[in-house]
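Colleague: I'll drop the sequence and a predicted model, then ask my questions.
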Amino acid sequence: MSGAGEGNFRERLRERLLASAEAIVIAEGLSGLQARRVAQDADCSIGTVYNIFGDIDGLILETNARTLEELGRLVGAAARRSTGQSLEGRLTTLAVAYLDYATANQLRWRAVFEHHLPEGKEFPEEHRENRQRMLALIGAQLEGAIADPSSRADAANALFSSVHGIVLLSLDGKLAPFDPAQCERQIRFLVSRAVIGIEQG
């Protein structure tokens, strides 16, 4: 097999492995994702999985990267739809889009936050960039309201963390049985009060 042919074969195999891993996470969550099972689905050896991804963490990271990319596209589309709205309207649109994605893709969404790397191992740059894009979307809405870049980044992080916490606690039923409408009301309350504080300086 030529070098180009071998490279194409490897990419096709990588795609099959990722498609299998993605399907498992969507259906069963992170706990169902095992190298042996993915290898069987793709009709290859476990060694091939490790050869391509390094280890199971590498496979999980690339699978989660697809989730983050999809989430980023959907929230980005929501940001574009909200152009021209008030700051509260824009931030609320992003937050509700996040809630809608998490509700519709619970196991896949949870896998991103449930996965922990072994001590001493760092997330690859691509993974960090995918996470930062979400914060950048929030930060972009705050540009006209918070001039200082550092303060704006802090506000974006705080808003994301707060909305994420509401969504996670709601989906887990920690405070009450999950009610999407109630969760959205809580998000809207949080965003409205945050915007009051931002605009008052």
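Modeller: Cool, the structure landed.

Colleague: Spatially central residue in this protein, please.
Modeller: By CA atoms, centre = their mean, the chain has its centre lying nearest to Leu68, at 3.6 Å.

Colleague: what about that one, which SS state?
Modeller: helix (DSSP: H, G, I helix; E, B strand; the rest coil).

Colleague: Wait, it touches Glu129, no?
Modeller: No. The criterion here is CB atoms under 8 Å, and Leu68 misses it with Glu129 at 9.3 Å. Where you see a C-beta, it was placed from the backbone N, CA and C, and this is true even at glycine.

Colleague: re earlier: which ones are touching the residue nearest to the centre of the chain?
Modeller: If you count contacts by CB atoms under 8 Å, 6 or more residues apart in numbering, Leu68 has them with Val112, His127, Asn130, Arg131, Arg133, Met134.

Colleague: any idea how far Val112 is from the third one?
Modeller: For Asn130, the distance to Val112 (CB to CB, to the nearest Å) stands at 9 Å.

Colleague: ok, now Ser86?
Modeller: Ser86 is 30 Å from Val112, by CB to CB.

Colleague: who's more crowded, those two?
Modeller: Neighbour tally, Ser86 and Val112, criterion other CB atoms under 10 Å: the higher count belongs to Val112, 21 against 11.

Colleague: quick revisit: widest-spaced pair of the contacts of Leu68?
Modeller: Greatest spacing in those, by CB to CB: Val112 and Arg133 (13.1 Å).

Colleague: I'd like to know which elements the host helix or strand of Ala153 is packed against.
Modeller: Assessed by DSSP states H and E, Ala153 sits inside helix 149-172. On a contact count with 3 or more CB pairs under 8 Å, 6 or more residues apart in numbering; DSSP states H and E, helix 149-172 meets helix 87-104, helix 125-141, helix 180-200.

Colleague: can you give me the offset of the first one from its chain's centre?
Modeller: Counting by CA atoms, centre = their mean, to the nearest Å, helix 87-104 is centred 13 Å from the centre of its parent chain.

Colleague: thinking again about what came up before, ok, and what's touching the helix holding Ala153?
Modeller: Against helix 149-172 from outside (CB under 8 Å, 6+ apart): 91, 95, 98-99, 102-103, 106, 113, 134-136, 138-139, 142-143, 146, 175, 178-179, 182-183, 186-187, 190-191, 194, 198.
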